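>>> coords please:
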Amino acid sequence: MSAPPQIHTIVSMPFTENTYVLWHTGREEALIIDPGLEPELILDFLRDHALVPAALLCTHGHGDHIGGNAALKEAFPAVPLFIGVNDVPLLNDPELNMSAPFGLPITSPPADQTLREGDVLDLAGIRLEVLDLPGHSPGHIVFLLRRQPPIVFAGDTLFRGSVGRWDFPGSDGNLLLTGIREKLFRLPPETVVYPGHGPATTIGHERATNPFVGLGR
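Next comes the predicted model:
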């Protein structure tokens with residue numbers, strides 16, 4: 001098995017949203033997962049490490065996870081933008097993407113490609129599988145990197161000790177909790193979870209201890 005990709009976390013204020021930059025040492029192409037509201041931090045990191053984005057990958061369309069799309073597309077016009085097919089309407093609607101209610105109306109450039117369950121991306125030497133996991137938003141997806149240990153970029157589905165909110169327009173708590181239990185919790189316990197907010201965790205830890213979906217609840 002090839003070496004794992006480098007993974008760098010950039011935390012954007014004011015919602016402490018996690019943007020992830022993935023790349024292989026020795027390659028200039030990088031994947032950007034969930035460009036946040038401080039895109040200058042992402043652009044500075046790319047410049048400092050001589051990286052060029054191969055794709056912008058959005059787990060969902062809420063404003064704090066798409067806030068950097070426009071700046072990155074302006075800096076790199078050819079970079080493709082990917083999002084789950086059912087979250088496309090959120091990209092250009094500040095009400096739906098929950099940015100207007102927080103006083104930060106945001107729109108994003110349109111998606112270049114939409115994603116759904118079973119799609120596989122092979123970009124920048126990194127192979128990611130797409131899983132549908134709606135509930136926090138109508139078209140929320142997660143990205144799974146199958147290696148040892150597996151890695152999942154979970155967006156706002158599963159956090160360390162918590163789960164994504166389901167009190168937003170288009171949210172559905174039953175879908176969210178069922179998806180976590182039936183998809184994420186079937187991954188190996190050593191699977192590392194990189195969430196949309198907060199610290200990384202593992203599937204095993206959350207199965208055992210998460211007060212919303214863990215086996216001990």
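
>>> now the helices for this protein?
Using DSSP state H, the helices of the chain run over 39-48, 63-66, 69-75, 173-182, 203-209.

>>> now the ones you listed in JSON lines, with mean neighbour count and mean pLDDT?
From N, CA and C alone the C-beta is placed, and that goes for glycine too. Formatted as JSON lines, the helices of the chain follow (neighbours: other CB atoms under 10 Å; pLDDT from 0 to 100):
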{"stretch": "helix 39-48", "mean neighbour count": "16", "mean pLDDT": "98"}
{"stretch": "helix 63-66", "mean neighbour count": "28", "mean pLDDT": "98"}
{"stretch": "helix 69-75", "mean neighbour count": "18", "mean pLDDT": "98"}
{"stretch": "helix 173-182", "mean neighbour count": "17", "mean pLDDT": "97"}
{"stretch": "helix 203-209", "mean neighbour count": "18", "mean pLDDT": "97"}
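
>>> can those helices go into TSV with extra columns for distance to Val85?
Shown next, in TSV, are the helices of the chain (distance: least, CB to CB, whole Å):
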stretch	distance to Val85
helix 39-48	24
helix 63-66	15
helix 69-75	17
helix 173-182	16
helix 203-209	26
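
>>> among those, which is nearest Leu96?
Closest to Leu96 of the helices of the chain is helix 63-66 (CB to CB; 9.6 Å).

>>> elements contacting that closest one?
Using 3 or more CB pairs under 8 Å, 6 or more residues apart in numbering; DSSP states H and E as the contact test, no helix or strand touches helix 63-66.

>>> before we move on, the earlier item: quick check: which of the helices of the chain is nearest to Asp93?
For the helices of the chain, the distance to Asp93 is smallest for helix 63-66, at 10.2 Å, taking CB to CB.

>>> that closest one: how far from the chain's middle?
Distance, stretch centre to chain centre, for helix 63-66: 10 Å (CA atoms, centre = their mean, to the nearest Å).

>>> and if you look at stretch 58-75?
Using CA atoms, centre = their mean, the offset of stretch 58-75 from its chain centre is 11 Å.

>>> check stretch 46-66 too.
With CA atoms, centre = their mean as the basis, the mean position of stretch 46-66 lies at 10 Å from the chain mean.

>>> ends of it, what's the gap?
End-to-end distance for stretch 46-66, by CA to CA, to the nearest Å: 18 Å.

>>> again, but for stretch 112-129
Termini of stretch 112-129 sit 18 Å apart (CA to CA).

>>> which outside residues touch it?
When contacts are defined by CB atoms under 8 Å, 6 or more residues apart in numbering, stretch 112-129 is touched by residues 2, 5, 22-24, 27, 29-31, 54-55, 57, 80-85, 88, 130-132, 141, 143-146, 153.

>>> now do stretch 8-16
Residues contacting stretch 8-16 (CB under 8 Å, 6+ apart): 17-21, 36-38, 41-42, 45, 64, 67-68, 194, 197-198.

>>> repeat for stretch 34-45
By CB under 8 Å, 6+ apart, the residues outside stretch 34-45 that reach it are 8, 10-15, 17-21, 32, 51, 56-59, 63-72, 75, 104, 106, 153, 155, 196.

>>> what sits against Val85?
Going by CB under 8 Å, 6+ apart, Val85 touches 114-116, 139.

>>> please spell out the PyMOL selection for the buried subset of the contacts of stretch 112-129.
Buried subset of those, written as a PyMOL selection, criterion 16 or more other CB atoms under 10 Å:
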select buried, resi 5+22+23+24+29+30+31+54+55+57+81+82+83+84+85+88+130+131+132+141+143+144+145+153
